[in-house]
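Novice: model the following, please.
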Amino acid sequence: MAKYQKSFVKLITSWAIAIIISFLFIFPATALTQDLQFNGSTGYQVKARFSYNKTQTPEMIAEHGLGKTQVLDSMEVNFYDPSGEIIETYKNIVDGVATGTYFEFNFDPVTQQILGNIDLGGESAGEIYLKGNIDRGISLIEVEASGVEKVIDQIKGNQLILIVDK
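Specialist: Below is the predicted model of the structure:
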């Protein structure tokens, strides 16, 4: 009888493992990663990469402020000077949590367009950020050590490149 119990336990364990493995193939990860590139009029560039679960995406992604995001899982923003050297990198969203108080991002996954207001990057003295409205223009702003904000480049909405990565 003990011999049959051991065989039964092995059989059940094998089935359980097979079922768990099959779920990995039935429900693959559905994250979508997209890249944005903003080109400034004086040569500065801003490149952003964001990701979200495409199976749970609403018609509009609208993220604002600090804390748990509604849709986005991650966002990294890189700033480059006119010579192509990286100035700064910010992780505006990490594991579904926005790290900046002024963070703002609006994206239409259907039309693949950035809409409305945007505020990406840093926000404190000595940092750099991108802020504005896609239709009216966006400014690349450097916050000086004194706290004074200085516009270092202008970016028009038509200077935006969106790349669907994965």
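
Novice: every contact and neighbour count from this point should use C-alpha atoms.
Specialist: OK.

Novice: low-confidence regions, the protein specifically.
Specialist: Counting by pLDDT under 70, the low-confidence segments of the chain come to 1-29, 157-166.

Novice: repeat the analysis, applying 90 as the threshold.
Specialist: For the chain, the stretches flagged by pLDDT under 90 are 1-34, 36-41, 53-60, 108-114, 134-137, 147, 154-166.

Novice: now the strands for it?
Specialist: Applying DSSP state E to the chain gives strands spanning 31-39, 45-53, 61-64, 67-68, 72-80, 86-94, 97-98, 104-108, 113-114, 117-121, 128-133, 137-143, 149-155, 160-164.

Novice: want to throw those into a markdown table with mean neighbour count?
Specialist: A markdown table is the format used below for the strands of the chain (neighbours: other C-alpha atoms under 10 Å):
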| stretch | mean neighbour count |
| --- | --- |
| strand 31-39 | 18 |
| strand 45-53 | 20 |
| strand 61-64 | 18 |
| strand 67-68 | 16 |
| strand 72-80 | 21 |
| strand 86-94 | 18 |
| strand 97-98 | 22 |
| strand 104-108 | 18 |
| strand 113-114 | 18 |
| strand 117-121 | 24 |
| strand 128-133 | 22 |
| strand 137-143 | 20 |
| strand 149-155 | 18 |
| strand 160-164 | 14 |
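
Novice: what's the spacing between Tyr52 and Asp95?
Specialist: Separation of Tyr52 from Asp95 (C-alpha to C-alpha, to the nearest Å): 10 Å.

Novice: actually Lys156, sorry about that
Specialist: 30 Å.

Novice: of the two, who's got more company?
Specialist: Legend: neighbour count by other C-alpha atoms under 10 Å for Lys156 and Asp95, higher for Lys156 (18 against 11).

Novice: right, and that one touches Leu140 too?
Specialist: No: with contact defined as C-alpha atoms under 8 Å, Lys156 does not count as touching Leu140 (10.9 Å).

Novice: can you tell me the closest non-neighbouring residue to Asp153?
Specialist: Computed as C-alpha to C-alpha, 6 or more residues apart in numbering, the closest residue to Asp153 that is not its neighbour in sequence is Leu140, at 5.1 Å.

Novice: if we ignore the residues flanking it in sequence, what's nearest Ser146?
Specialist: Nearest residue to Ser146, sequence neighbours excluded (C-alpha to C-alpha, 6+ apart): Ala125, at 6.8 Å.
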